[in-house]
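**Q** Okay, predicted coordinates and the sequence, questions at the end:
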Amino acid sequence: MLGLSHSYSTLPERFFAQVLPSRVADPRMIKYNRQLAAELGPDWAALDDTQAAAILAGNEVPEGAKPISMAYAGHQFGSFVPQLGDGRAILLGEVVDTKGVRLDVQLKGAGRTPYSRGGDGRAALGPVLREYLVSEAMHAMGIPTTRALAAVMTGDPVYREMPLPGAVLTRVARSHVRVGTFQFFAARGDTEGLKALADYVIDRLYPEIKGTKNPSLALLVAVATRQAQLVAQWLHIGFIHGVMNTDNSSISGETIDFGPCAFMEAYNPTTVFSSIDRGGRYAYQNQPGIAQWNMARLAETLLPLIDADIDKSVESANQAVIAFAETFNTSWLAGMRRKLGLRTTEDEDKALIDAFLNVQLVNRADFTLAFRRLSDAAEGPEFEGAFLALMNEDRASAKNWLASWRARLSRETMSGEARARAMHATNPIYIPRNHLIEEAIQSATQGADFSPFETLDTVLSHPFREDPDVPVRYTLPAEPNERVLQTFCGT
Ligand SMILES: Nc1ncnc2c1ncn2[C@@H]1O[C@H](COP(=O)(O)OP(=O)(O)OP(=O)(O)O)[C@@H](O)[C@H]1O
């Protein structure tokens, strides 16, 4: 008994369609995340790979499951699409984990659904491995995200200009409700549906606001707060989501959908990866503004619930959206202070941080390594060598900046060793670099060799602990011939 339950069944039926996963030819487990399985419960942990593959490829529907796909809409690259929905994702049900948290268990790539439009409902192996690696790496770095429970080969090909091996990802999330879910009902003038959805989400994700004076407004504030904190965390590790459409903006504040995402290497705030983001809408530095724009779209849907007087409703919703900027700035600054090893606050800290980012920009320094090697340098000036070696274009600017950083540190009482330890715990050494992911995907897709995937997954599970046994190439940016300039929408 996998303990599947269905809080969604309290929602009106127009929220979803009941649908069974389509059978696949030959389910084979690539990776069952046994640590996460144990968190879901002993019966999940007890499944062997063959049993887990049959269930998580969709061939066996476990007892207690009532699979559904959810309806949603969304602004995609700024244009509203009133009808999207889970075109290839099927929710098996929810599990209350060993800590008492209710989690969705969803199969992505499990076959056609009523929302598939022209699509085949399937996923290719490459994007499944990418989502597995990146979502688990995000989790290991302490960033709210959907998790990967399993990657299973289907034994069926999928056609993406050429035949590719098919796979299914099992995704675990606090909820799959998106800003686009609210938009779906708002676009239909379905206020009753919106109210049911808001009540459902409050009950499940934000129980602390139940019974407050204006729960719909409190919901908007709570979601905007989580999104602001999330995007700040993305910026701290150089993450570029790539496709921050409102259907990929989660009400729970988890990172969702790892299609064209990537990590910035040489620091440049205008970096874009997605092949379909031609205008750079979702560039690294635009992400806070876009998340706030997405919150404005959520606010619009909630207007009828916030106040019967529309002017008052707009006024309150506007304030909640404006407050996003302050929450983001506070979170960003606090995280950046931690990255620089600062415990206290001074007014000039923002300028010190900006100056460091500028040093990285002019030196085209790798963002991750710059912070990590700065963490080494926190022990004392004799540890600055590796840091300065990253600064090849204008080393003098880096030296000047180090001097101002050390002057700032001297106004705090903390040993160099303790500071280095604290900085190492916040500045990762191992991130899912795009060329390493591509290498794992190529070797799995072309040679059915999953060992690079396994190795990378293991390395990424300890992002802050530098292991002398891990080859140094796992810490380095791509060589020019390895560079992946664009990622493609995950299908
Ligand atoms: N192969 C496919 N078959 C059917 N529908 C698809 C397929 N690929 C994508 N879609 C649908 O197209 C829309 C946008 O796709 P997108 O790639 O952003 O989402 P996704 O990666 O499938 O899902 P999610 O956002 O749940 O991670 C979604 O409604 C998605 O369900």
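**A** Nice, I can see it.
**Q** How about the contacts made by residue 47?
**A** By C-beta atoms under 8 Å, 6 or more residues apart in numbering, the contact set of residue 47 is 32, 37, 55. No exception for glycine: its C-beta is placed from N, CA and C like everyone else's.
**Q** Most neighbours among these, please name it.
**A** residue 55 (23 neighbours; other C-beta atoms under 10 Å).
**Q** which one is that residue nearest to, not counting chain neighbours?
**A** Distances taken as C-beta to C-beta, 6 or more residues apart in numbering place residue 62 nearest to residue 55, at 5.4 Å, with adjacent residues excluded.
**Q** how about the one you found, secondary structure?
**A** Secondary structure, DSSP: H, G, I helix; E, B strand; the rest coil: residue 62 is coil.
**Q** Next: the one 10 residues further on.
**A** Residue 72 falls in the coil class when you classify it by three-state DSSP.
**Q** That one - how many residues pack around it?
**A** 26.
**Q** Next, give phi and psi for residue 380.
**A** Note on residue 380: backbone dihedrals following degrees, to the nearest 10 are phi 160, psi 160.
**Q** Quickly note the distance from it to the ligand.
**A** Distance of residue 380 to the ligand, computed by C-beta to the nearest ligand atom, to the nearest Å: 46 Å.
**Q** what sits against that residue?
**A** Per C-beta under 8 Å, 6+ apart, neighbours of residue 380: residue 416.
**Q** And the pLDDT at it?
**A** Predicted confidence (pLDDT) for residue 380: 94.
**Q** repeat for residue 130
**A** 97.
**Q** got the buried residues for stretch 18-26?
**A** Neighbour-count burial for stretch 18-26, counted by 16 or more other C-beta atoms under 10 Å, picks out 19, 21-22, 24.
**Q** Let me see the residues that make contact with it.
**A** Residues outside stretch 18-26 that contact it (C-beta under 8 Å, 6+ apart) are 57-59, 61, 66-69, 90, 107, 110-114, 121, 153-156, 166, 168.
**Q** Please spell out the ChimeraX selection for the buried subset of those.
**A** Buried members of the contacts of stretch 18-26, defined by 16+ other C-beta under 10 Å, are picked up in ChimeraX with:
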select :57,58,59,61,67,68,69,90,107,110,111,112,113,121,153,154,156,166,168
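**Q** ok, and of the contacts of stretch 18-26, which contact the ligand?
**A** Applying C-beta under 6 Å from any ligand atom to the contacts of stretch 18-26, one finds that residue 121 fall near the ligand.
**Q** Select, from the buried residues of stretch 18-26, the two members most distant in space.
**A** 19 and 24 (15.3 Å; C-beta to C-beta).
**Q** near the ligand, which residues of the stretch 101-250 of the chain show up?
**A** Proximity of the stretch 101-250 of the chain to the ligand (C-beta under 6 Å from any ligand atom) is limited to residues 116, 119-122, 243, 248.
**Q** Give me the lowest-pLDDT entry from those.
**A** Scoring those by pLDDT puts residue 243 last, at 91.
**Q** So it versus residue 106, what's the distance?
**A** Using C-beta to C-beta, to the nearest Å, residue 243 is found at 18 Å from residue 106.
**Q** Could you list the buried residues of stretch 94-102?
**A** Buried residues in stretch 94-102 (16+ other C-beta under 10 Å): 94-95, 97.
**Q** any chance of those residues in JSON lines, plus distance to residue 226?
**A** Formatted as JSON lines, the buried residues of stretch 94-102 follow (distance: C-beta to C-beta, whole Å):
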{"residue": "94", "distance to residue 226": "20"}
{"residue": "95", "distance to residue 226": "22"}
{"residue": "97", "distance to residue 226": "20"}
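**Q** Export the residues you listed as TSV, with columns for pLDDT.
**A** Listed next are the buried residues of stretch 94-102 as TSV, based on pLDDT from 0 to 100:
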residue	pLDDT
94	97
95	97
97	98
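**Q** The ligand: which of the residues you listed is nearest?
**A** Closest approach to the ligand among those (C-beta to the nearest ligand atom): residue 94, at 16.3 Å.
**Q** part of a strand, is that closest one?
**A** Yes - counting by three-state DSSP, residue 94 is located in a strand.
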